[in-house]
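Colleague: Structure, please.
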Amino acid sequence: MEQKTLTRKQLYKLAWKKPMMHIAKDFGFSDRGMGKLCTKYEIPIPPRGYWMCLKAGQKIKIPALKELDWCSDDEVIVNSKTPEPKNIELSKKLKQEKDILNTIIFDKKSQKYHPLVKSWNDVDKLNKYIKIDIRARKVLSLVLFELEKRGYVISESNEDNRRTAKVNLNEDYITVTVTKYSKMYKRKIQPSDWGWTWRKSDNELVYVTEETPYLKIVVYGKYSWDPRDYREKEDITIEQAISKAILYIIKKIDKLKVERLEKERQDKIRKSKQHQIQTYNSFLEEQENIRQEYIKFENYKRQKLLEDSKKWKELCIVKKFLDHIKDNNDSSDNEWLEWAYSYLNDINPTNNKNFRNYNNYEKDEETSPSHS
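Modeller: Here you go, the predicted model:
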């Protein structure tokens, strides 16, 4: 299928040439979805009743297309939706199965039961309150035998206490059972109906269930609220119902497999994205820690610079003081002055070649008030 595209300007012109539902159909959208797209890109569309007025010969002024700052008129805004590719292998398989299943014959006199159904019979015969439909269980046995021939694994399913068989293929499964078909209809209330005396009138209709001689094969999806039944009727034989039910089971399990694989793929993508986000957040956290450490180190250097400059300023005052004593006193203080000048040189930060060394940063951080 050829991919179709529309720009903002083309969609505006097309919207006033033919109804939105026809445009939407051409591009694989719903008319509501196409209308939302026009609203998003501020494309004026015909008002309600426009096409009737046009057919009647009335002239309606077409509003101009406004320019947008965030979207140009030549930018592609519509891509036609390509239909999902058909599963060719499944189609061929179903066609072959259909030809094979048309040859199925249900033998009413056969006493061959599937092992699972036979185990039910052995247990249920001991319970006088359970009514066993032999024909229904023979039909179910035939369905299970046919499915086992095709590689499906049969196990017991105890959902809602029903006698249902679980059909498995790898991780995908559905459940199947065979029961009598009961039809429901409305009729007038009768004195024999329970609780009829509390009703408003005898003409009120009630629902009643009537059991028929026909069977139905009920196939439940992966979830119990998704049933599909194949009924035996006057014009539909039980073999035809079996054939349709088996074809549906094959198709349904294949669909469940596709859905499961797609879900696994999406989970992998989601986990990969979560890992990327976690890695990126860890990187940001690490960078923030480095930045904070750099700020601390810069503050430490500035503080040390100010401390050294204050110390140097104090030493300059002391040196002036010593020079003053040296110039105005006798030689009796020479020994003391020599000691003072020597001490001054020792504590002078500018005389130390490593006064710009910050090796004591970590030690100073450990002994700082914030860490104590």
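Colleague: for this structure, which residue is closest to the average position?
Modeller: By Cα atoms, centre = their mean, the chain has its centre lying nearest to Q266, at 7.0 Å.
Colleague: Now find how far off-centre the helix or strand where that one lies is within its chain.
Modeller: Assigned by DSSP states H and E, Q266 belongs to helix 238-328. Distance of helix 238-328 from the chain centroid (Cα atoms, centre = their mean, to the nearest Å) equals 26 Å.
Colleague: And for stretch 336-347?
Modeller: That offset, for stretch 336-347, works out to 79 Å (Cα atoms, centre = their mean).
Colleague: Report the buried residues of that stretch.
Modeller: By 16 or more other Cβ atoms under 10 Å, the buried positions in stretch 336-347 come out as A340, L344. C-beta here means a position set from N, CA and C on the backbone, and glycine is covered the same way.
Colleague: all helices of the chain, in order?
Modeller: In the chain, the segments counted as helices under DSSP state H are 8-15, 20-26, 31-40, 50-55, 88-101, 115-124, 134-149, 238-328, 334-347, 361-366.
Colleague: packing partners for the longest one?
Modeller: Going back to what we said before, that points to helix 238-328. Packing contacts for helix 238-328, counted by 3 or more Cβ pairs under 8 Å, 6 or more residues apart in numbering; DSSP states H and E, involve helix 88-101, helix 134-149, strand 164-169, strand 172-188, strand 205-220, strand 227-231, helix 334-347, helix 361-366.
Colleague: Over to the first one?
Modeller: Contacts of helix 8-15 with other secondary structure elements, assessed using 3+ Cβ pairs under 8 Å, 6+ apart, are made with helix 20-26, helix 31-40, strand 76-79.
Colleague: by how many degrees do the second one and helix 8-15 diverge?
Modeller: Spelled out, it's helix 31-40. With axes from the mean of the first three to the mean of the last three Cα atoms, to 10 degrees defining the directions, helix 31-40 sits at 130 degrees from helix 8-15.
Colleague: before we move on, the earlier item: export the helices and strands packed on helix 8-15 as JSON lines, with columns for distance to Q292 and mean neighbour count.
Modeller: Converted to JSON lines, the helices and strands packed on helix 8-15 look like this (distance: least, Cβ to Cβ, whole Å; neighbours: other Cβ atoms under 10 Å):
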{"stretch": "helix 20-26", "distance to Q292": "56", "mean neighbour count": "16"}
{"stretch": "helix 31-40", "distance to Q292": "44", "mean neighbour count": "15"}
{"stretch": "strand 76-79", "distance to Q292": "46", "mean neighbour count": "16"}
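Colleague: Give the rounded mean pLDDT of stretch 297-305.
Modeller: Across stretch 297-305, pLDDT averages out at 87.
Colleague: follow-up on the earlier one: kindly report which one of the helices and strands packed on helix 238-328 carries the lowest mean pLDDT.
Modeller: Minimum mean pLDDT among the helices and strands packed on helix 238-328: helix 361-366, a mean of 64.
Colleague: Against Q58, how distant is N281?
Modeller: Between N281 and Q58 the computed distance is 62 Å (Cβ to Cβ, to the nearest Å).
Colleague: I meant to write V208 there.
Modeller: 58 Å.
Colleague: before we move on, what about K98?
Modeller: From K98 to Q58 the distance is 57 Å (Cβ to Cβ).
Colleague: just S72 next, same as before
Modeller: S72 is 33 Å from Q58, by Cβ to Cβ.
Colleague: Thought T164 was touching T175, still the case?
Modeller: Yes: here T175 reaches T164: they are 4.4 Å apart, a contact under Cβ atoms under 8 Å.
Colleague: Count the neighbours of the residue nearest to M184 when sequence neighbours are not counted for me.
Modeller: Distances taken as Cβ to Cβ, 6 or more residues apart in numbering put T209 closest to M184, at 5.1 Å, once the chain neighbours are dropped. Neighbour count of T209, defined by other Cβ atoms under 10 Å: 8.
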